[in-house]
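sequence unknown, structure follows:
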């Protein structure tokens, strides 16, 4: 697990394991088999293997699977601010499919804006050969989580 830089507060050392355990309890996540590869404050790297269950009929991973991967990766990145708690919900997801994903895909998610009510995440997804297959931005509405008030800078 990656820890934040010296200026960033560290995330809990067991957070990646707790998120993995949470996935094991979800029937959707059991089907998708997304794997958290790395976790740091405001960041998550998540992978999915190509399986015939995901075939879009043309030999590539269905776009809905990639959208779910992006959404889940951003949720995990955002949860690093709240010790894994998911007190937020997706309100918007905009994805651009750039090429067919015919192999495993890695999603690199990061939080680019942390607001009082809305947070924004950005994702790049690459196939096993390193080709960019999709980009995505997501908006999350904070529901039960909130950021601590910061002193004006």
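That came through, no problem. Quick caveat, the model's predicted, so the values are computed rather than measured.

from the contact counts, what lies against the strand or helix carrying residue 125?
Per DSSP states H and E, residue 125 falls inside strand 118-127. Contact here means 3 or more C-beta pairs under 8 Å, 6 or more residues apart in numbering; DSSP states H and E; on that basis strand 118-127 packs against helix 63-79, strand 105-114, strand 132-142. All C-beta atoms are positioned from the backbone trio N, CA, C, and that covers glycine.

most tightly packed of these?
For the helices and strands packed on strand 118-127, the largest average neighbour count (mean count of other C-beta atoms under 10 Å) is found in helix 63-79, namely a mean of 23.

could I get the helices and strands packed on strand 118-127 as TSV with distance to residue 34 and mean pLDDT?
Output for those, formatted as TSV (distance: least, C-beta to C-beta, whole Å; pLDDT from 0 to 100):
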stretch	distance to residue 34	mean pLDDT
helix 63-79	6	97
strand 105-114	8	98
strand 132-142	14	97
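
export the ones you listed as a markdown table, with columns for distance to residue 32.
Shown next, in a markdown table, are these (distance: least, C-beta to C-beta, whole Å):
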| stretch | distance to residue 32 |
| --- | --- |
| helix 63-79 | 6 |
| strand 105-114 | 12 |
| strand 132-142 | 16 |
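
so which of those gets nearest residue 92?
strand 132-142 (4.0 Å; C-beta to C-beta).

chain center to that closest one, what's the gap?
8 Å (C-alpha atoms, centre = their mean, to the nearest Å).

name every strand pairing with it and say which way it goes.
strand 88-97 (antiparallel), strand 118-127 (antiparallel) (DSSP bridges).

what bridges to residue 93?
Residues in beta-bridge contact with residue 93 (DSSP bridges): residue 138.

can you offset everything so residue one is 111?
Will do, 111 is the new start, and the previous item becomes residue 203.

please name the residues that touch the spatially most central residue of the chain.
Against the mean C-alpha coordinate of the chain, by C-alpha atoms, centre = their mean, the closest residue is residue 183 at 0.8 Å. Residues near residue 183 by C-beta atoms under 8 Å, 6 or more residues apart in numbering: 144, 154, 155, 156, 217, 218, 219, 231, 233.

just checking, residue 149 touches residue 126?
Yes. With contact defined as C-beta atoms under 8 Å, residue 149 and residue 126 form a contacting pair (4.6 Å).
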